[in-house]
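**Q** Structure here, sequence nowhere to be found:
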């Protein structure tokens, strides 16, 4: 863990000096996180590709502000959320609740067709949640993000995140009522 | 959780989030062995967790980002030079205004000008000297032309 933070620290320093290889590596490390956040907020695959790029453009235009490796991930998460919000503000359009594009998602470690069905049911329920609840769940369950990082990214206290996760999961479960068969038959 | 009336169902989320004490945990696990509805709820919770933990991967965006960053850098350089140019134009304009306008002002009688002390007199004498030379008026005319056109251009650009 420490060596990873050190590696990220070196990459940040090189990126701050304009090293393109370091920037590329930072994108590779964080693109899954950014894309997941953006996709959960937009539910639009193509738009998420564009907004993920926009997020990294903003990240590298302001990379000099990053003081330590520990702050990078929460900072990137916050930028991703702001990029999506700005996009919707500019476009003045409401969030599309269409999951046609979800079918084509490439998810790490999953390849069978049935899992797509389950995913669509859960994605649909997730889309019904308030943005804050969706973000709390997305970041909490995203592999490798600590409670502290989630709290930092969402500008909340760790306690508030804990309570928020509990509430959001209860709401999500409520939206999943009636879909138990789809959720369990393919497991 | 409303589909299940078992009181233990409220503990499922805490159980999955590792927020139960050792005692609560073992009591909950014992209960699970004998409660099919809680096992059912737990299975649903785990299915949801799997999805929440899923990492969506975009395609290869590295090259696209780097290319866009290059374009941004080029645009930044262009806007830097444009900005510098605007500032230079404004500076030159101001300089011309001082050097061209002052001699004209100085053609008025001294009594019309505010008394700025002995330094002002030194300067006014200098510009009065300039104004008395005929060819300088040719340059003044040219200066005015430059002044008006560059000021209009600079102001239009600055407003964009």
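**A** Okay, I see it. This structure is a prediction, so every number in the text was calculated from the model and none was measured.

**Q** contacting residues around the worst-scoring helix or strand of chain A on mean pLDDT?
**A** Ranked by mean pLDDT, DSSP states H and E, the weakest helix or strand in chain A is helix A:180-185, scoring a mean of 74. The list of residues contacting helix A:180-185 from outside it, by C-beta atoms under 8 Å, 6 or more residues apart in numbering or on different chains, reads A:117-118, A:121-122, A:176, B:3, B:40, B:43-44, B:47-48. Every residue, glycine included, has its C-beta placed from N, CA and C.

**Q** need the residues you listed in CSV with distance to residue A:38 and pLDDT, can you?
**A** CSV is the format used below for those (distance: C-beta to C-beta, whole Å; pLDDT from 0 to 100):
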residue, distance to residue A:38, pLDDT
A:117, 23, 77
A:118, 22, 78
A:121, 21, 85
A:122, 18, 85
A:176, 23, 87
B:3, 33, 55
B:40, 34, 87
B:43, 30, 88
B:44, 27, 87
B:47, 24, 85
B:48, 21, 86
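
**Q** Which member of those is positioned nearest residue B:93?
**A** Of all the contacts of helix A:180-185, residue B:93 sits closest to residue A:122, with 64.4 Å by C-beta to C-beta.

**Q** Find the nearest non-adjacent residue to that closest one, please.
**A** Spatially, and ignoring its direct neighbours in sequence, residue A:122 is nearest to residue B:51 (4.1 Å; C-beta to C-beta, 6 or more residues apart in numbering or on different chains).

**Q** Was I right to think the one you found contacts residue A:118?
**A** Yes: between residue B:51 and residue A:118 there is a contact under C-beta atoms under 8 Å: 6.9 Å.

**Q** Pull out the buried positions in stretch B:27-45.
**A** Under the neighbour-count criterion of 16 or more other C-beta atoms under 10 Å in any protein chain shown, stretch B:27-45 has B:28, B:32, B:35, B:38, B:41-42, B:44-45 buried.

**Q** Please flag which of those residues sit within strands.
**A** Applying DSSP state E to the buried residues of stretch B:27-45, no entry is found in strands.

**Q** so which of those residues comes closest to residue A:14?
**A** Closest to residue A:14, out of all of the buried residues of stretch B:27-45 and judged by C-beta to C-beta, is residue B:45, at 42.4 Å.

**Q** could you list every residue that touches that closest one?
**A** Residue B:45 touches A:169, A:173, B:12-13, B:16, counting by C-beta under 8 Å, 6+ apart.

**Q** Those residues in strands, which ones?
**A** In strands, defined here by DSSP E, there are no members of these.
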